[in-house]
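Asker: the following block contains a protein sequence and its predicted model.
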Amino acid sequence: MYTGYNAYDRPIAQRRVTRVQDANTAWYAQEPHWILIEDLLQGTYGMRRKHRRYLPQEPRELDESYDNRLARSVCPPFYQRLERMLAGMLTRKPVRLDDTADIIREQLFDVDLQGNDLNVWTYETTRKMVRYGHVGVLVDAPADGGRPYWVSYTPRQILGWRAEQQEGRQVLTQLRLAEMVTVPDGDFGEKTVEQIRVLMPGEFQLHQKQDNGDFEIIDEGRTSLSEIPFSVAYAQRHGFMESRPPLEDIAELNLKAYQVQSDLDNQLHISAVPMLAFYGFPSAAEEVSAGPGEAIAFPVDGRAEYIEPAGRSFDYQFRRLEQLALQINELGLSAVLGQKLSAETAEAKRIDRSQGDSTMMVIAQNVQDMIDNCLQFHAQYIGNNTSAGSSYVNRDFLGTRLEPQEIQSLLQLYTAGTITQETLLRELAEGDVLGDDFNVDEELEATANAGLDLQPAGLGNRPLSGPDDLDGTEETQEARA
């Protein structure tokens, strides 16, 4: 029988892993933190399917009454919206690549061989990272020398690993990844089959589930890289390949909102129609009905009136729902602006200080490091000393546009020769003045090729100070002046 106690009482002991499909101890310890979030992502339908797990049946509540209450209960999508919002803030501006070879740039327009470019892929990968606490990316390539591609794996799919210290860092020596592949079934059908990918430095194995439930090796071979091309990004790290969902507290509040909303809706449904009460009728009287075409004969002291609740308890529940929504909103905002948002008093000071300790800043840096590692693996597959370059992931989550006076100040600094044209353009681009598609390097190259003078306008008004400013003719000096 289900109870709230035995459902959450789950002691974590060292697990003995004997089969390729067995998850390790760290996976087993993390898994309870994923369940609620995964169910919330399925929306109202997914929460109703779990019925009594998330919406308890009250004592003496009939099954039919509970089923009716469950059918009327709707789960508000707080968590889903917040997860999408945070991932969207991170990819509000495209990922910038610096010194990356043209062949890699072209291939990143379809980075996963599923039609997704680097920015769309980063958005979806960040959602998984926020959802579970970390995410892993495998850079793979066909054995026949085909182009590399990137595949992201959630912690639920990372069943086990082995690692050792090499040159001061943790290096994977074995990795087991769970996959679902679609294979033909008969002449026209298809079916989904479980598959375990086992990776070792320089080699791989594919274990596929058979009809009898056992996993058998269907493919194995060597890889062109001497290490496992797998990179991990953490949102809330607890250890190597271990984490906790950073929005787990918001998921719990979302569940609470679902339960309170269900109680309120049920009470409103029951009390929405006032009850007709008769006073002075003998208890042995026949059943009485009332309607617009009927009349009732009352005794001398008899009367009838409608009874309805005062509604004060409803106000308390409405306030509770508003409080939950406010808590969720504040927690989501603190993930963007920092955990100290409510403790500070000055608005500018809050925002400035929060940039160093907010969850989103940590996520942005980790995603950027992960992309840099994947670029390195990608370049190693291609070979020929291909330049991997580096990436830059957006950190301007709020999209603050430069004010006119700030733009004017930058122009004055450029005119005075204090900053270069490149610095000016980068500041304007970061300040949402030049648009997301503006490329500073291309603009500098275009203006140089057009023969435009890249020196600040105010430079010509300053006195000549060295031999480089002279070209040997008095006329030229006068012309410059």
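Answerer: Cool, the structure landed. Residues are numbered from 1 along each chain as shown.

Asker: out of everything not next to it in sequence, what's closest to Tyr234?
Answerer: Excluding its sequence neighbours, the residue lying closest to Tyr234 (C-beta to C-beta, 6 or more residues apart in numbering) is His134, at 4.4 Å. C-betas here are computed from N, CA, C, even on glycine.

Asker: can you tell me which residues contact the one you found?
Answerer: Pro155, Val232, Ala233, Tyr234, Ala235, Gln236, Arg237, Met241, Glu242, Ser243 (C-beta atoms under 8 Å, 6 or more residues apart in numbering).

Asker: mind running it again at 7 Å?
Answerer: Pro155, Val232, Ala233, Tyr234, Ala235, Arg237, Ser243 (C-beta atoms under 7 Å, 6 or more residues apart in numbering).

Asker: Ile196 is in contact with Ala178, correct?
Answerer: Yes. If you go by C-beta atoms under 7 Å, Ala178 and Ile196 touch, sitting 6.0 Å apart.

Asker: more neighbours: these two, which one.
Answerer: Ile196 (22 against 19; other C-beta atoms under 10 Å).

Asker: and stretch 422-432, what's buried?
Answerer: Neighbour counts using 16 or more other C-beta atoms under 10 Å place Leu424, Leu425, Arg426, Glu427, Leu428, Ala429, Glu430, Gly431 of stretch 422-432 among the buried residues.

Asker: returning to that earlier point: need phi/psi at the residue nearest to Tyr234.
Answerer: phi -160, psi 170 (degrees, to the nearest 10).

Asker: distance of it from Asp140?
Answerer: Distance from His134 to Asp140, counting by C-beta to C-beta, to the nearest Å: 19 Å.

Asker: residues in contact with whichever strand or helix holds Val171?
Answerer: Using DSSP states H and E, the element containing Val171 is strand 169-185. Residues outside strand 169-185 that contact it (C-beta under 7 Å, 6+ apart): 20, 153, 157-164, 190-201, 227-228, 230, 240.

Asker: ranges for the strands of this protein?
Answerer: All strands of the chain, identified by DSSP state E, fall at 96-98, 134-140, 149-153, 158-166, 169-185, 189-200, 203-209, 215-222, 230-234, 237-239, 242-243, 275-279, 303-307, 390-392.

Asker: what lines up beside the fourth one in the sheet?
Answerer: Which is strand 158-166. strand 169-185 (antiparallel) (DSSP bridges).

Asker: what of the third one?
Answerer: Looking at strand 149-153 with DSSP bridges, its paired strands and their directions are strand 134-140 (antiparallel).

Asker: hmm, back to that, nearest to His378, out of the strands of the chain?
Answerer: Closest to His378 of these, according to C-beta to C-beta: strand 134-140, at 5.7 Å.

Asker: next one: the closest one to chain centre, how far?
Answerer: 15 Å (C-alpha atoms, centre = their mean, to the nearest Å).

Asker: contacting residues for the residue nearest the centre of the chain?
Answerer: Nearest to the mean C-alpha position of the chain, by C-alpha atoms, centre = their mean, lies Arg127 at 2.4 Å. By C-beta under 7 Å, 6+ apart, the residues touching Arg127 are Glu83, Arg84, Ala87.

Asker: which stretch among the strands of the chain comes nearest Ala446?
Answerer: strand 96-98 (18.1 Å).

Asker: which other helices and strands contact the closest one?
Answerer: Packing contacts for strand 96-98, counted by 3 or more C-beta pairs under 7 Å, 6 or more residues apart in numbering; DSSP states H and E, involve strand 390-392.

Asker: got the contact list for the strand it packs on?
Answerer: Val95, Arg96, Leu97, Asp98, Asp99, Gln368, Ile371, Asp372, Leu375.

Asker: same deal with stretch 219-229?
Answerer: Taking C-beta under 7 Å, 6+ apart as the rule, stretch 219-229 contacts 138-139, 143, 171-172, 175, 199, 201-206, 377, 380-381.

Asker: hmm, try it at 10 Å
Answerer: Stretch 219-229 has contacts (C-beta atoms under 10 Å, 6 or more residues apart in numbering) with 137-141, 143, 145, 148, 150, 161, 163, 166, 171-175, 195, 197-208, 373-374, 376-378, 380-381, 383.

Asker: now do the shared contacts for Ala178 and Ile196.
Answerer: Common contacts of Ala178 and Ile196 (C-beta under 10 Å, 6+ apart): Val20, Gln21, Gln157, Leu159, Gly160.

Asker: now neighbour count too, for these, in TSV please.
Answerer: Listed next are those as TSV, based on neighbours: other C-beta atoms under 10 Å:
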residue	neighbour count
Val20	18
Gln21	17
Gln157	20
Leu159	21
Gly160	22
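
Asker: biggest separation within these, which pair?
Answerer: Val20 and Gln157 (13.9 Å).

Asker: and for the two, which residues touch both?
Answerer: With C-beta under 10 Å, 6+ apart, Val20 and Gln157 have common neighbours Arg176, Ala178, Ile196, Arg197.

Asker: how about the strands of the chain in CSV, adding distance to Arg105 and mean pLDDT?
Answerer: Below are the strands of the chain laid out as CSV (distance: least, C-beta to C-beta, whole Å; pLDDT from 0 to 100):
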stretch, distance to Arg105, mean pLDDT
strand 96-98, 6, 90
strand 134-140, 16, 96
strand 149-153, 14, 96
strand 158-166, 29, 93
strand 169-185, 27, 92
strand 189-200, 27, 94
strand 203-209, 27, 94
strand 215-222, 29, 92
strand 230-234, 19, 96
strand 237-239, 31, 91
strand 242-243, 31, 95
strand 275-279, 72, 67
strand 303-307, 73, 66
strand 390-392, 11, 93
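
Asker: let me know which of those strands is the nearest to Lys256.
Answerer: Using C-beta to C-beta, those put strand 242-243 closest to Lys256, at 23.7 Å.

Asker: just checking, what packs against the closest one?
Answerer: helix 25-30, strand 134-140, strand 230-234 (3 or more C-beta pairs under 10 Å, 6 or more residues apart in numbering; DSSP states H and E).

Asker: so what touches it?
Answerer: Taking C-beta under 10 Å, 6+ apart as the rule, strand 242-243 contacts 26-27, 29-30, 33, 129, 132-135, 155, 232-237.

Asker: again, only using 8 Å
Answerer: Ala26, Ala29, Gln30, Tyr132, Gly133, His134, Pro155, Tyr234, Ala235, Gln236, Arg237.

Asker: emit the ChimeraX select command for whichever of those are buried.
Answerer: ChimeraX command restricting the contacts of strand 242-243 to the buried ones, with burial defined by 16+ other C-beta under 10 Å:
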select :26,29,30,132,133,134,155,234,235,236,237
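
Asker: now distance to Phe109 too, for the contacts of strand 242-243, in TSV please.
Answerer: Conversion of these to TSV gives the following (distance: C-beta to C-beta, whole Å):
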residue	distance to Phe109
Ala26	36
Ala29	39
Gln30	34
Tyr132	27
Gly133	30
His134	27
Pro155	28
Tyr234	28
Ala235	27
Gln236	32
Arg237	31
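
Asker: done for today, thanks.
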